[in-house]
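Student: generate coordinates for the sequence data below:
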Amino acid sequence: MSPVRRCSRTACGRPAVATLTYVYADSTAVLGPLATYAEPHCYDLCAEHSERLTAPRGWEVVRLADASAPSRPSGDDLEALANAVREAARPQERPTRPGGGNARGADPMEVARRGHLRVLRSPDS
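Tutor: Below you'll find the model as predicted:
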C-alpha cells in the first residue's frame, strides 16, 4: 500500500492535499489542511478538487487556511516592495535652513543622515 494518501474522488489518483468534513447539524462543509490520519466520514481531496469544491444549496463552505504553508505575496505586496525600492534608489535632495538646521523639521535629535541610516544626538546632551 502506498504511504501517500490519494484523492477520494472517483477515478482521481492524484495525491491528497486537503481534508473535507461535513458538519450536518450546521449545514457546513469544512475544507482544511490534510488531516494527520485518514478518518472515517472525512474525504481527502487533491488540489484541483479542493479548489473546485462546491456545497449543496443552503450549505456554507468554510475553508481553513493551512498555517504551515508559506503564504504567497499578493500583487499589493509586490507593488509596495517595488515602490519602496524605487524610493530608496531615488537621489535625495536635502535643502538646509540658514544656520544649518534641518529644513524638513523632522527629528530634532537627528544630526545627520546617510541613506536609511541616521546619526542621533545623545539624549544627555
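
Student: residue contacts, Thr21?
Tutor: Ala29, Val30, Gly32, Glu39, His41, Cys42, Tyr43 (C-beta atoms under 8 Å, 6 or more residues apart in numbering). Yep, even glycine has a C-beta here, placed from its N, CA and C like the rest.

Student: once you drop chain neighbours, what's closest to Glu48?
Tutor: Distance criterion C-beta to C-beta, 6 or more residues apart in numbering; nearest residue to Glu48, sequence neighbours excluded, is Arg14 at 7.0 Å.

Student: before we move on, the earlier item: min pLDDT across the contacts of Thr21, which one?
Tutor: Ranked by pLDDT, the contacts of Thr21 bottom out at Glu39, which scores 85.

Student: helix, strand, or coil at it?
Tutor: coil (DSSP: H, G, I helix; E, B strand; the rest coil).

Student: what count of nearby residues applies to it?
Tutor: Neighbourhood size, Glu39 [other C-beta atoms under 10 Å]: 11.

Student: got the phi/psi numbers for it?
Tutor: phi -110, psi 150 (degrees, to the nearest 10).

Student: please apply the same query to Ala55.
Tutor: Torsion angles, degrees, to the nearest 10, at Ala55: phi -110, psi 160.

Student: next one: it relative to Pro91, how far apart?
Tutor: 56 Å (C-beta to C-beta, to the nearest Å).

Student: okay, the two: which has more neighbours?
Tutor: Regarding Ala55 and Pro91, a neighbour count based on other C-beta under 10 Å identifies Ala55 as having more, with 15 against 4.

Student: dump the residue contacts of that one.
Tutor: Contacts of Ala55 by C-beta under 8 Å, 6+ apart are Thr28, Ala29, Val61.

Student: including distance to Thr19, could the contacts of Thr21 go into JSON lines?
Tutor: Listed next are the contacts of Thr21 as JSON lines, based on distance: C-beta to C-beta, whole Å:
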{"residue": "Ala29", "distance to Thr19": "11"}
{"residue": "Val30", "distance to Thr19": "9"}
{"residue": "Gly32", "distance to Thr19": "6"}
{"residue": "Glu39", "distance to Thr19": "8"}
{"residue": "His41", "distance to Thr19": "11"}
{"residue": "Cys42", "distance to Thr19": "5"}
{"residue": "Tyr43", "distance to Thr19": "7"}
